[in-house]
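Asker: When you get a sec, could you give me coordinates for this:
(2 chains)
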Amino acid sequence: MKIATWNVNSVKARCTHLTNWLKTASPDVVLLQELKCITEEFPRLEIEAAGYQSAVIGQKAYNGVAILAKEKIEDPVFALPGEQPDDQARYVEGTVSGVRIASIYLPNGNPIASPKFTYKLDFMERLYRRGKELLATEAPVVLGGDWNVCPTDEDVWDLKAMAKDALVQPETRAAFRKILYQGWTDAIRTLHPHERIYTYWDYFQNRFARDHGLRIDHLLLSPRAADRLIAAGVDRTPRALEKPSDHTPAWCELS
DNA sequence: ATGGTCGGGCTCCGA
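Answerer: Numbering: from 1, shown residues only, chains lettered A, B, ... in the order given. Down below sits the predicted model:
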């Protein structure tokens, strides 16, 4: 079972890239972020034609997440459980072939001296609580998405330039570790412990060609899912196309 | 120190 996550930076602008990639990569499940369209305008028909069902929560202009799957998506939930419903479409969860899977668009959080950073940390606390509930089920679970977190210095090309960025702050990393240490396995880092691996390259300054990137798209596996982990990686091919997203798909394969 | 590039929706915001 191949599960991928891809921040497409507008699903409408990237529809052709997406459907072509579905055909060539043929993942069983794809987690999308930054749809940038309302739910009703999600290109459901094009994606169905490629052989995928979808569970979608969108909103106007910003955010928006989806799960695409070849098999049925059962019991979808369209928000992070919390006190009051979120006005930002950043979380969808569903079950595919017995695996509980979430597509997460974690808040960017910049600038750090603003309510946006607080919102990011609050969101991570809510995710921590949801993670605890999901682990308690002892089911195979995958928390995938654009986490907007560089877990360690190895996940950053230019540390100096990123020093004040929300993606590398000690509080951000601590909140990520707090989730990870509940018992999750970072699929890509576990199988590639000492490689420079990036999933995002800024549009500025030809960063992709120079491989000046960040690793911010992650797939976290519960113990039952981690037991089945056989491969993981990053597919850089869509990032090299004309008019690409600034992110490229990260994926893992479970037996 | 700054500005470089995108997408969306409207003359600016978020990344």
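
Asker: Residue numbers of chain A in contact with DNA strand B?
Answerer: Taking C-beta under 7 Å from any atom of the strand as the contact definition, chain A meets DNA strand B at A:9-10, A:12-13, A:36-37, A:60-62, A:107-108, A:110, A:116, A:203-205, A:243. Quick note: C-beta positions are derived from backbone N, CA and C, even for glycine.

Asker: Just the buried ones among these, please.
Answerer: Those of the residues of chain A next to DNA strand B that meet the buried threshold are A:9, A:36-37, A:107-108, A:110, by 16 or more other C-beta atoms under 10 Å.

Asker: What residues does the closest residue in space to residue A:132 that isn't next to it in sequence make contact with?
Answerer: Counting by C-beta to C-beta, 6 or more residues apart in numbering, the nearest residue to residue A:132 once its immediate chain neighbours are dropped is residue A:182, at 6.2 Å. Contacts for residue A:182 were tallied using C-beta atoms under 8 Å, 6 or more residues apart in numbering; they are A:128, A:131-132, A:135.

Asker: List the buried residues for stretch A:30-40?
Answerer: If you call a residue buried by 16+ other C-beta under 10 Å, then stretch A:30-40 has these buried ones: A:30-37.

Asker: Now, the residues you listed that are in strands?
Answerer: A:30-33 (DSSP state E).

Asker: and the residue nearest to residue A:132, which of the three is it?
Answerer: Local secondary structure at residue A:182 is given as coil here, using DSSP: H, G, I helix; E, B strand; the rest coil.

Asker: Need the pLDDT of it.
Answerer: The predicted local distance difference test score for residue A:182 is 98.

Asker: I'd like the distance between it and DNA strand B.
Answerer: Residue A:182 sits 25 Å away from DNA strand B when distances are taken as C-beta to the nearest atom of the strand, to the nearest Å.

Asker: residue closest to the middle of chain A?
Answerer: Nearest to the mean C-alpha position of chain A, by C-alpha atoms, centre = their mean, lies residue A:145 at 1.0 Å.

Asker: Quick check: that residue vs residue A:225, distance?
Answerer: Residue A:145 sits 15 Å away from residue A:225, going by C-beta to C-beta, to the nearest Å.

Asker: what about stretch A:154-174, distance to the chain center?
Answerer: The chain centroid and the centroid of stretch A:154-174 are separated by 18 Å under C-alpha atoms, centre = their mean, to the nearest Å.

Asker: okay, how far is it across it, tip to tip?
Answerer: Distance between the boundary residues of stretch A:154-174 (C-alpha to C-alpha, to the nearest Å) amounts to 16 Å.

Asker: got the buried residues for it?
Answerer: For stretch A:154-174, the buried set under the neighbour-count rule, 16+ other C-beta under 10 Å, comprises A:155-157, A:162, A:165-169, A:172-173.
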